[in-house]
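Here is a sequence with its predicted model. Questions after.
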Amino acid sequence: MTQSQQPPSPGPLSPTEQRNPRSAGLDDLDTLGVLQVMNDEDHAVLAAVRAALPQLAELVDIAAERMRRGGTVHYFGAGTSGRLGVLDASELLPTFNLEPGRVVGHIAGGQAALVNAVENAEDSTGDGRRAAGKLGPDDVAIGIAASGSTPYVRGALEAAGEVGAHTVLISNNPAAPVAEAAADHILLDTGPEVVTGSTRLKAGTAQKLTLNGFSTALMIALGRTWRNLMVSVVATNDKLRERTVRILCEAADLSDAEARELLERTGGDLKTALVVSFTSVTPVAAARHLEDNDGSVKAAITAVSAEPGPASRAEPGQSNA
């Protein structure tokens, strides 16, 4: 093999692949000792996520602005990172009544990789490019890779960037090679794992916290909550229907009977019931104001209040003055 045919140097190991001296004697410990070492190491996760919050806030604002004009958000990852992206995206529909296709998780190897390892799937740059093939300039592509070197993620970010989508890499490696394919790199600096290379531990926990924070803040920015209440929840079973009643009671300071009567008048729609409760409008008008304001209860109530006519009543504990 000539010098020009030599394979490229692998470069320095990602911190997630380095040995952790604090867990070197792991198999000499009793079970409690193992768990204590893991718990001690987990403290680094919160610090790593907190350090990334300013960048994460910028990403939320960018994603919210793009989604308001019809854009979508896409997660791309392999293995644990890919599963966490799919999990986060899939939970937004039942929690916030988010329409399918607005936030989408893509995992190398497809659905089969959610429960079984798909060999070599993460090594395909082409598969990543194909996964991002339908993105456009209003979309956001978020690559997730603990080592920051996953070819599938690189391919997805490169393809997304070529069409003008906003691209971000979330990794646990300060020197992540794939960062060059993204407009921004959100670093979660969790260091070496307790079990060397097992990124389902600190790296994965930090990624999950980051995705939870991103998607929840995004839904709040898009008006999918009312105060700290989950008012966009889809009441598809008895438990959720009862939760809807409790939320309306708490938010509007109504009795159980009053809340049930109001929900019956508004077809079981919690957001409509809230707008009716805090304004003088009919359920039909409340629904129209919600539609005109992207489903935001706060914006709909503000819009009603700006119209001539009787003033809206104050929230519990507040004054109309």
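It's in. Since the model is a prediction, treat every value here as computed from it, not as a measurement.

Roughly how far does Gly133 sit from Gly105?
As judged by CB to CB, to the nearest Å, Gly133 and Gly105 stand 16 Å apart. The C-beta positions use only the backbone N, C-alpha and C, and glycine is treated the same way.

neighbour-wise, which of those two wins?
Shown here are Gly133 and Gly105; by other CB atoms under 10 Å, Gly105 has more neighbours (23 against 11).

partners of that one in the sheet?
Beta bridges link Gly105 to Tyr75 when assigned by DSSP bridges.

low-confidence ranges in the chain?
Scanning the chain for pLDDT under 70 picks out 1-11, 309-321.

Walk me through the domains of it.
29-221, 238-305 (automatic domain parsing).

Could you single out the most deeply buried of the ones you listed?
Counting by mean count of other CB atoms under 10 Å, domain 29-221 has the highest mean neighbour count of those, with a mean of 20.

Ends of it, what's the gap?
Using CA to CA, to the nearest Å, one end of domain 29-221 lies 47 Å from the other.

just how off-centre is that domain within its chain?
Put simply, domain 29-221 sits 9 Å off its chain's centre (CA atoms, centre = their mean, to the nearest Å).

All the strands of the chain, in order from the start?
Counting by DSSP state E, residue ranges of the strands within the chain are 73-77, 103-107, 140-145, 166-171, 184-187.

so what strands line up beside the shortest one?
Looking at strand 184-187 with DSSP bridges, its paired strands and their directions are strand 166-171 (parallel).

any residues touching the partner strand, and which ones?
59, 62-63, 66, 139-148, 153, 157, 160-161, 176, 178-179, 181-188, 207, 210-211 (CB atoms under 8 Å, 6 or more residues apart in numbering).

surely Pro177 meets Ser149?
Yes. Here Pro177 lies in contact with Ser149, judged by CB atoms under 8 Å, at a distance of 4.9 Å.

Now the most centrally placed residue in the chain. Nearest residue, chain neighbours left out?
The residue lying closest to the centre of the chain (CA atoms, centre = their mean) is Ser215, at 2.9 Å. Distances taken as CB to CB, 6 or more residues apart in numbering place Asp88 nearest to Ser215, at 5.4 Å, with adjacent residues excluded.
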